[in-house]
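*Asks:* below are the sequence and a predicted model; questions follow.
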Amino acid sequence: MPAQLKDLSTYAWRAELSVGNDVIDGDHKVFFNLAEMFQNASHDEENKIVIESVMSTLTEYVAGHFKREELAMLSAEYPGLEAHMREHARFTETLHQLMQSYYAGSQGATEKLGYTLSQWLTHHIEHIDHKYKDWIKEKDVDPRPLYEVAGCLKQDDIDEIW
């Protein structure tokens, strides 16, 4: 395993990652926890259910969180919404490919999932999410559970607004 994968600080939330919204920051913290779970999971057959449960949770979290952010940006009339959505779509595809790799029996897929998630998340928050930090206000963020938020925004809604 590469040395950088053993550094658990890679999977830690830091205060400077805050986007100034408790709900969105809370989502981000959960993502770091999921990344750490992947890192800590072994390839033993007995942990298969744990790994697959974390992947299922991550899939739901990605869908819900990305929609929460996109709805907030839409509400705030954030001009970078479309570009942000493309970033979300690219990352969703990357996760999908890594999960398929796991199911195909790839050794190291769980560590790679955790590392990729934490690295992407850190970069995305610092360089992409922080751009909306001054735009999004508390009233723009849907605080409902992510499973309720996930089905709220469709591409047709965005096309209609823009």
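*Replies:* Great, that's in hand.
*Asks:* so, low pLDDT: which residues of this protein?
*Replies:* The chain contains residues with pLDDT under 70 at 1-11, 42-45, 152-162.
*Asks:* give the buried residues for the helix or strand where Arg90 lies.
*Replies:* Element membership for Arg90, per DSSP states H and E: helix 81-103. Going by neighbour count (16 or more other Cβ atoms under 10 Å), the buried part of helix 81-103 is 81, 84-85, 87-88, 91, 95, 98-99, 102. C-betas here are computed from N, CA, C, even on glycine.
*Asks:* could you do stretch 27-45 as well?
*Replies:* 27-28, 31-32, 34-39, 41.
*Asks:* centroid-nearest residue for the protein?
*Replies:* By Cα atoms, centre = their mean, the chain has its centre lying nearest to Val62, at 4.8 Å.
*Asks:* surely that one is in contact with Glu93?
*Replies:* No: Val62 is beyond contact range of Glu93, at 10.8 Å (criterion: Cβ atoms under 8 Å).
*Asks:* identify the farthest-apart pair in the buried residues of helix 81-103.
*Replies:* Using Cβ to Cβ, the buried residues of helix 81-103 reach their maximum pairwise distance at Leu81 and Tyr102, which is 31.6 Å.
*Asks:* give me the neighbour count for Lys137.
*Replies:* 12 (other Cβ atoms under 10 Å).
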